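S.K.: coords please:
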Amino acid sequence: MTKPRMSVRRRFAAATALGTAAILAVTGCSGGTPETAGEAFTGEYTGPEVELSFWNGFTGGDGPFMESMVEQFNTEHDNITVVSNTMQWVDFYQRLPAAVTAGEGPDVGVMHLDQLATNAARSVIVPLDDLAEELELTADDFTPEVWDAGVYNDARYGIPLDVHSLAMYYNTEHFAAAGITEPPVDAASFQEALDKLTAAGYETPFWMPTRWPSHLIDLSLLWQNGGEPFGEEEATFGSEAGITGLEWQRGIVEDGYSPSDVAIDSQYVAFKNGETSITWDGIWQINDLTQSGLPYGMAPVPTIGESEAVWANSHNFFLARQASADQNKTDAAKVFIAWMSEQSAEWAGSGMIPARQSVRDAGALDGLPQEPIAEQIDAMRFLPPIPGIGTVVSDTLEIAVADGVLGSTPPSDALTEAEGRATQLMEDNAASFGG
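M.R.: Numbers count the residues shown, from 1 in each chain. Predicted coordinates:
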């Protein structure tokens, strides 16, 4: 089994830890008062010509779609020029806090939803409540989960662009050969599909990875079983719901449906090469799989537990704290965010799901591969807006899931031990971040 190069999602996993460490390094241990994003937003920019620096991490197949949208914005706005600074997410989260502290941060940017609270707590980014109010953006046009997760300490720090979740990809040729006519939707039909696939000669039809995205699978199963990974002050992923989920993941290996030690990304590479029949991965893989020519279908992650739930994240626009206020740039940046939000149907071509219900209702996803995944949007779950939560997950839950899937530690022991360490990290973060 060849080890693939470091993928986008692996780089993001590394970025989560590096970004939190960078924030702590450049801002010390005091919280500080959040800076506002200037004067009230009026909805348009009529000032002199300005150039905006736009930071993002869209280096994969989503990059060309974002650049096309930026070019269109520039064409329609004579007095605003947006210049993209695109970098790997691992570099983005490491560079952003230091750049803001040095007065060299971006005018506007995009970050993942689960990074907003961390950067808000250290005043790397500023509130956007006035922009949301002017655009009349409310939870009515979003799912409450994604809308509420952009709030930290009663202030909004992000405007959601999209949501992106795990999905089930399946090889349509394998399914046809095994006599499977519909994608599985629950534990029983998923088990039946695995048995039919093995009977048809596909010996290991569903590879269970030890690392990314295995902990995202685990979070999905935990939520499906009625659990929550975190409370406000402590980790709770070692509950019966969490243990049940991880035991199911380990069972996939023990029952022979997966090799015993699947390295990070190997399950995706195997699926892409036709070596395995099913994989659960992010919808960000759509364009890559389509370009590969693999005969595949997509469906929501089956409900293995008691109710529908699946891990998800979201890209959110933000404004960075500035060393010296420039009201013209601030106003222009808000116009850019507003325009991008309204035009987010174009972003659907990247494989993402527009966050706004009104955009989806207007047909943005009609005929696209992720259309059936969007139908599950109310079941998408997000990590809570707790500063440092990304590092807590990577340093505890990811490791516990890997140990549980490998069988080196019983799932209950792995999660219980990691839960204790996670709670301690959360207490340390509370002291470090404040608020």
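S.K.: Return the distance of stretch 55-65 from the chain's centre.
M.R.: Centroid separation between stretch 55-65 and its chain, computed with C-alpha atoms, centre = their mean, to the nearest Å, is 14 Å.
S.K.: so H112 touches F318, yeah?
M.R.: No: H112 is beyond contact range of F318, at 10.5 Å (criterion: C-beta atoms under 8 Å). In this view, the C-beta of every residue, glycine as well, is placed from N, C-alpha and C.
S.K.: Could you find the residue nearest the spatial middle of this protein?
M.R.: N313 (2.9 Å; C-alpha atoms, centre = their mean).
S.K.: Let me see the domain layout of the chain.
M.R.: 28-161+314-343, 166-311+388-433 (automatic domain parsing).
S.K.: now the strands: where do they sit in the stretch 251-400 of the chain?
M.R.: Here the stretch 251-400 of the chain has its strands, by DSSP state E, counting those that start in this stretch, at 278-282, 296-299, 310-313, 315-320, 353-354, 380-381.
S.K.: Next, give phi and psi for G351.
M.R.: Backbone torsions for G351, taken as degrees, to the nearest 10, come to phi 100, psi -10.
S.K.: before we move on, back to that, with neighbour numbers in mind, choose between H112 and F318.
M.R.: F318 (27 against 23; other C-beta atoms under 10 Å).
S.K.: Please name the nearest non-neighbouring residue to that one.
M.R.: Of all residues not flanking F318 in the chain, I125 sits nearest, at 4.5 Å (C-beta to C-beta, 6 or more residues apart in numbering).
S.K.: for E417, same thing?
M.R.: Distance criterion C-beta to C-beta, 6+ apart; nearest residue to E417, sequence neighbours excluded, is A400 at 7.1 Å.
S.K.: how about the domains of the chain in JSON lines, adding mean pLDDT and distance to L365?
M.R.: What follows is the domains of the chain, written out as JSON lines (pLDDT from 0 to 100; distance: least, C-beta to C-beta, whole Å):
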{"stretch": "domain 28-161+314-343", "mean pLDDT": "91", "distance to L365": "14"}
{"stretch": "domain 166-311+388-433", "mean pLDDT": "97", "distance to L365": "11"}
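S.K.: G351 is nearest to which of these?
M.R.: With C-beta to C-beta, the closest approach to G351 among the domains of the chain belongs to domain 166-311+388-433: 3.7 Å.
S.K.: Give me the distance between the two termini of the closest one.
M.R.: 30 Å (C-alpha to C-alpha, to the nearest Å).
S.K.: So what's the gap between it and the chain middle?
M.R.: 15 Å.
S.K.: Which parts of the stretch 1-150 of the chain are helices?
M.R.: 8-27, 63-76, 89-101, 116-121, 129-134, 144-148 (DSSP state H, counting those that start in this stretch).
S.K.: List the strands paired with the helix or strand just after the shortest one, with their directions.
M.R.: So that's helix 144-148. Sequence order places strand 151-152 as the next helix or strand after helix 144-148, per DSSP states H and E. Within its sheet, strand 151-152 is paired with strand 155-156 (antiparallel), according to DSSP bridges.
S.K.: Just after the partner strand, pick out the following helix or strand.
M.R.: Downstream of strand 155-156 (by DSSP H and E), the next one is strand 159-160.
S.K.: could you say what helices and strands the very next helix or strand once past that next one packs with?
M.R.: Next helix or strand after strand 159-160 toward the C-terminus (DSSP H and E): strand 162-171. Judged by 3 or more C-beta pairs under 8 Å, 6 or more residues apart in numbering; DSSP states H and E, strand 162-171 is in contact with helix 214-224, strand 278-282, strand 296-299, strand 310-313, strand 353-354.
S.K.: Looking at those, which is nearest to T409?
M.R.: That would be helix 214-224 among these, by C-beta to C-beta, at 14.0 Å.
S.K.: which ones are touching the most far-flung residue of the chain relative to its centre?
M.R.: When distances to the mean C-alpha position of the chain are computed (C-alpha atoms, centre = their mean), the maximum falls on P48, with 36.5 Å. Contacts for P48 (C-beta atoms under 8 Å, 6 or more residues apart in numbering) come out as N79, N328.
S.K.: Going forward, the N-terminal residue is numbered 36.
M.R.: OK, 36 is where the count begins now, so the last one is P83.
S.K.: With F371 as the reference, measure out to it.
M.R.: 16 Å (C-beta to C-beta, to the nearest Å).
S.K.: Equivalent analysis for W247, please.
M.R.: Applying C-beta to C-beta to W247 and F371 gives a distance of 32 Å.
S.K.: between the longest helix along the chain and helix 249-259, how many degrees?
M.R.: In the chain, assigned by DSSP state H, the helix with the most residues is helix 446-468. Orientation check (axes from the mean of the first three to the mean of the last three C-alpha atoms, to 10 degrees): helix 446-468 against helix 249-259 gives 100 degrees.
S.K.: in helix 446-468, what's buried?
M.R.: 446-447, 449-454, 456-458, 460-461, 464-465, 467-468 (16 or more other C-beta atoms under 10 Å).
S.K.: got it, and stretch 129-146?
M.R.: Applying a neighbour-count criterion of 16+ other C-beta under 10 Å, one finds 129-136, 140-146 buried in stretch 129-146.
S.K.: Same check on stretch 185-195?
M.R.: In stretch 185-195, counting by 16+ other C-beta under 10 Å, buried: G185, V186, Y187, R191, Y192, G193, I194, P195.
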